[in-house]
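Asker: Make a model of this:
(one chain, ligands or ions: 2)
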Amino acid sequence: MNTALEHNELSALIQGVTTSRRSSAPKSDRRKEKRFKGLPASPGIVIGRAITHTTEPLTIRTNSIAAQDVALEQERFRTAVHECTSELQRIIVMAQEEAPVAAPILEAQLFIMNDPTVGEMIQQRIEQLITAEYAVQQVFDEHHRILQHAPDTYLRERAMDLDNVKNRLLDYLCNRTGTRDVEAGCIVLGSVLTPSDVMLFKKSGMVAFVTELSGIASHTAILARSLHLPSVIGVPNVASRINSGVPVIIDGYAGIVIIHPKPETVAKYERRRIDFEKREKKLGRLTKLNSQTSDGRKIHLFANADTLDEIEEARSSGAEGVGLVRTELQLIELKRLPTEEEQVEWYTELAERAYPLPLTVRAFDIGSDKSFGMLPPEPNPALGLRGLRFLLKNRGAFMGQIRAILRASQHRNVRLMLPMVTSVQEFQKGLAIVEQAKKSLRDDEMLFDDNLPVGAMIETPSAALMARELGALADFFSIGTNDLIQYTLAADRLNASIINVYDSFHPAVLRLIKMTVEAAQFNNIPVAVCGEFAGHSAATELLIGLGIEELSVVPSVILELKKRIRKTSYTDAVTLTTEALQLNTGIEIRKYVASAFKKSSKSPNKAE
Ligand code: PEP
Ligand code: MG
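Answerer: Numbers count the residues shown, from 1 in each chain. Ligands and ions are numbered 1, 2, ... in the order given. Below you'll find the predicted structure:
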């Protein structure tokens, strides 16, 4: 996070005084605070001054050339490829040092630029007596059109890579130069910024950027996150509506751009910026360390997050994604089922905030303790109509939700999870609804991720016992220990008087988890634990020893859990678990784990 302005400049801004040499004639009433909403591409808050990045219009010669000039034009094309390749290679070297994630992106462009088929097509066009730049434009635009109409968002966004290469070649062939007056501390506003623009502008001191075009999954957005450059993308006409020199606030968390902010707005964002900075400092170096055991086994850390703020907290704690969104919580606020459109809006916002990290959206788990006063009373609600059972009885609501989740999956970072599965048949029915929802979206010509992973929650003993068969149908498992314990031990999770019966360390529960892990391994699918047990301070070694490789916990627990994971030896954890599973009671297991932990903490090699 940055403040692009020095203190005195900042206070000038607070007083509404602009000092930039670039404060050219206003395009409209510039002095009024105005907000523009885009997509949050990379988090952070920056208060600074805008520089509008514009490119001069291209002059492409479309006239016929003489036959004797063909060789000359072909040579011009070859030189353009050669020169642009050298420039790109220089940027790649820069990227390898500063943003390794960008190097493959730029290498892909290098690959396109030197593609022999494309080169051959351009040479052939020139033989038809057209100029090199016209041939480049034609051939690249034809390829672009094909990709642009691809049903897949990913492919459509790759069309931008083609454009980047085309524009680089055309800049060279038509002697075009873009605005290169980027200076330290500025916020660049552009119609489109290519990954190499971002690399070069960052080198010149750009601290944030805003673009009109570009998807959340575009290489430019990926690069921004990797370079920690706050950015907002998809703001219509930003470059034409805002002048260079205008004071601007970029909120890369919420995707908001504010121009001519009022003093109180600047003060508010400055406070937010400092708060975020403090939080990041507090989390310290642990955020950046790998989540792995002392002997190198990777344990993926995910967050249970239901709000944008929680996703933010999860990201800044280094979570690898969101392992559980409890969608039924939306009902608390609304006191009714949300419409499909309301859901699309919410899930899309969550998915975009999490991007490129995966977001696991659980279908409504309504019923039992989550009836929100909306359902008729049942004699035994925990064993009644809830989760997948409820959804299968309320097809309209189920279909609306699955359509909404699919519609939010365009960027391919959404996963769907079905709650309270108790039989293979039930899960199959759930999958059939997903297929129907896909078909209806195709009929409506709506875009979605056709490969949306669908997982089963393992939170009933029957699901754990049938996990081999369920694993053949599911793309992943997530073990909901809160319910798994309740149903295995026939102990209401909300009943305080039987808290001693509701025992997370009960060997029956651990055996069911083990059985689920083995079934997942048999089917070669990932398995996570997303119930509270995942974050239990004494459970880490046991869960790792049972073979769990993914834990999903509330964001505030992530770093503490990572610390414990890093202190755990996988080999020791397997031994501990094998021995613990020989014991007869939860109490014995707790004691055994505690004494093993005491011993290992005394070992000199264990300290972080
Ligand atoms: C669980 O049962 O462990 C779980 C994560 O789901 P919920 O707590 O929402 O029932
Ligand atoms: Mg549950």
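
Asker: Could you pull out the helices in the stretch 151-300 of the chain for me?
Answerer: 153-173, 195-203, 219-226, 238-241, 263-283 (DSSP state H, counting those that start in this stretch).

Asker: Could you tell me the least trusted of the ones you listed?
Answerer: Least confident of the helices of the stretch 151-300 of the chain, judged by mean pLDDT, is helix 219-226 with a mean of 75.

Asker: so which of the helices of the stretch 151-300 of the chain is the most packed in?
Answerer: helix 219-226 (a mean of 24; mean count of other C-beta atoms under 10 Å). In short, each C-beta sits where N, CA and C put it, glycine included.

Asker: Output the contacting helices and strands for that helix.
Answerer: strand 39-42, helix 102-113, helix 153-173, helix 195-203, strand 231-233 (3 or more C-beta pairs under 8 Å, 6 or more residues apart in numbering; DSSP states H and E).

Asker: Tell me which of the ones you listed sits nearest to Ser316.
Answerer: strand 39-42 (12.8 Å; C-beta to C-beta).

Asker: Partner strands of that closest one and their direction?
Answerer: Sheet pairing of strand 39-42 (DSSP bridges) gives strand 231-233 (antiparallel).

Asker: Around ligand 2, pick out the residues from the protein.
Answerer: With C-beta under 5 Å from the ion as the criterion, the chain meets ligand 2 at residues Glu459, Gly480, Asp483.

Asker: from what I can see the second one touches Ile458, true?
Answerer: Yes. Counting by C-beta atoms under 8 Å, Gly480 does reach Ile458; the two are 6.9 Å apart.

Asker: of these two, who's got more company?
Answerer: Neighbour count, other C-beta atoms under 10 Å: between Gly480 and Ile458, Ile458 has more, with 34 against 30.

Asker: Any chance of CSV for the helices and strands packed on helix 219-226, columns distance to Ala354?
Answerer: Shown next, in CSV, are those (distance: least, C-beta to C-beta, whole Å):
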stretch, distance to Ala354
strand 39-42, 11
helix 102-113, 21
helix 153-173, 16
helix 195-203, 22
strand 231-233, 16
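
Asker: which stretch among those comes nearest Leu289?
Answerer: strand 39-42 (21.7 Å).

Asker: strand partners of the next helix or strand after that closest one, parallel vs antiparallel please.
Answerer: For strand 39-42, the following helix or strand on the C-terminal side (DSSP states H and E) is strand 45-53. Taking DSSP bridges as the criterion, strand 45-53 sits next to strand 186-190 (parallel), strand 247-251 (antiparallel) in its sheet.

Asker: and of these, who's closest to Arg31?
Answerer: Nearest of the strands paired with strand 45-53 to Arg31, taken as C-beta to C-beta: strand 247-251 at 10.2 Å.

Asker: got the buried residues for the closest one?
Answerer: Pro247, Val248, Ile249, Ile250, Asp251 (16 or more other C-beta atoms under 10 Å).

Asker: tell me the angle it makes with helix 263-283.
Answerer: 40 degrees (axes from the mean of the first three to the mean of the last three C-alpha atoms, to 10 degrees).

Asker: Ala80 should be in a helix, yeah?
Answerer: Yes. Under DSSP: H, G, I helix; E, B strand; the rest coil, Ala80 falls within a helix.

Asker: And for it, the neighbour number?
Answerer: 22.

Asker: Pretty sure it sits against Ala132.
Answerer: Yes. Counting by C-beta under 8 Å, Ala80 touches Ala132, with 7.0 Å between them.

Asker: Name the residues contacting each of those two.
Answerer: Shared contacts of Ala80 and Ala132 (C-beta atoms under 8 Å, 6 or more residues apart in numbering): Leu173.

Asker: Give me the nearest residue to Ala467, chain neighbours excluded.
Answerer: Leaving aside its sequence neighbours, Ala467 sits nearest to Ala519 (C-beta to C-beta, 6 or more residues apart in numbering; 3.4 Å).

Asker: I meant to write Phe77 there.
Answerer: Ala132 (4.2 Å).

Asker: So what's the predicted local confidence for that neighbour?
Answerer: Taking Ala132 on its own, its pLDDT is 96.

Asker: how far away is it from Leu169?
Answerer: According to C-beta to C-beta, to the nearest Å, Ala132 and Leu169 sit 9 Å apart.

Asker: tell me, what's touching those two both at once?
Answerer: With C-beta under 8 Å, 6+ apart, Ala132 and Leu169 have common neighbours Ala80.

Asker: Can you name the residues of the chain sitting close to ligand 1?
Answerer: Where the chain comes near ligand 1, counting by C-beta under 6 Å from any ligand atom, the residues are Leu324, Arg326, Asp365, Glu459, Gly480, Thr481, Asn482, Asp483, Cys530, Gly531.

Asker: which one of those residues has the most neighbours?
Answerer: Gly480 (30 neighbours).

Asker: Would you agree Pro338 is in contact with Val344?
Answerer: No. Contact criterion C-beta under 8 Å: Pro338 and Val344 do not qualify, at 9.6 Å.

Asker: Tell me which of the helices and strands packed on helix 219-226 sits nearest to Leu494.
Answerer: Nearest to Leu494, of all those, is strand 39-42, at 37.0 Å by C-beta to C-beta.
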